[in-house]
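K.L.:
model the structure of this input:
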Amino acid sequence: MANGQHEFGGVLWPQFLTERFSAGLIRAIWERAETVQSVDAMEQSLQTIGSSLKAAFQEFTTWNVFTNIRANSTLAYEEGALFPLVTPTDTTDGYPFSGPTAATSKLPSYLGANYLVFTPDSSLPGG
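P.N.:
Residues are numbered from 1 along each chain as shown. You can find the predicted model right below:
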């Protein structure tokens, strides 16, 4: 079922891998995927260039913050200004923050991410 999120991410992940590493990485992943599961193909291909799926995915989720009005082509996507902003999963103003308590319906799918907005505590200076 199309909801726009997975479809959008399905384009951005290879775009990120190409801009951050190289277009050759996409080819390496596809070639490895002939003999191993796709996640293993990504992990193995990233390891050959000194990275990992975990590290690349963490950087990918950061790049996704720097889109639209927050775009910065020196930090993230070259054409990030053309991309929509990520949709926050939740907002919090409770500090100290001890971690999200997202409802089960808001948990990200495998290789998905939640984005949280932190609002300043109005009782503190600058809040």
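K.L.:
CA atoms for contacts and neighbours, from now on please.
P.N.:
Will do.
K.L.:
state the distance from residue 13 to residue 74.
P.N.:
18 Å (C-alpha to C-alpha, to the nearest Å).
K.L.:
these two: which is more packed in?
P.N.:
Counting neighbours by other C-alpha atoms under 10 Å for residue 13 and for residue 74 shows that residue 13 has the greater number, 16 against 7.
K.L.:
wait, residue 118 touches residue 91, no?
P.N.:
Yes - distance between residue 118 and residue 91: 5.9 Å, which falls inside the contact criterion (C-alpha atoms under 8 Å).
K.L.:
so residue 19 touches residue 77, yeah?
P.N.:
Yes - counting by C-alpha under 8 Å, residue 19 does reach residue 77; the two are 7.1 Å apart.
K.L.:
out of those two, which sits in the busier spot?
P.N.:
Just comparing residue 19 and residue 77: by other C-alpha under 10 Å the higher neighbour count belongs to residue 77, 22 against 13.
K.L.:
isn't there a strand covering the more buried one?
P.N.:
No - going by DSSP: H, G, I helix; E, B strand; the rest coil, the assignment for residue 77 is coil, not a strand.
K.L.:
enumerate every residue touching it.
P.N.:
Counting by C-alpha atoms under 8 Å, 6 or more residues apart in numbering, residue 77 makes contact with 16, 19, 63, 66, 67, 71.
K.L.:
10 Å instead?
P.N.:
Residues in contact with residue 77 (C-alpha atoms under 10 Å, 6 or more residues apart in numbering) are 12, 15, 16, 19, 20, 60, 63, 64, 66, 67, 71, 83.
K.L.:
how many residues are close by the last one?
P.N.:
Residues lying near residue 83 (other C-alpha under 10 Å) number 16.
K.L.:
ok, now residue 58?
P.N.:
Residue 58 has 13 neighbouring residues, counting by other C-alpha under 10 Å.
K.L.:
mutual contacts of residue 118 and residue 91, please.
P.N.:
Taking C-alpha under 10 Å, 6+ apart as the contact rule, residue 118 and residue 91 touch no residue in common.
K.L.:
now the residue nearest in space to the middle of the chain: how far from residue 49?
P.N.:
Closest to where the C-alpha atoms of the chain average out (C-alpha atoms, centre = their mean) is residue 61, at 2.2 Å. For residue 61, the distance to residue 49 equals 20 Å [C-alpha to C-alpha].
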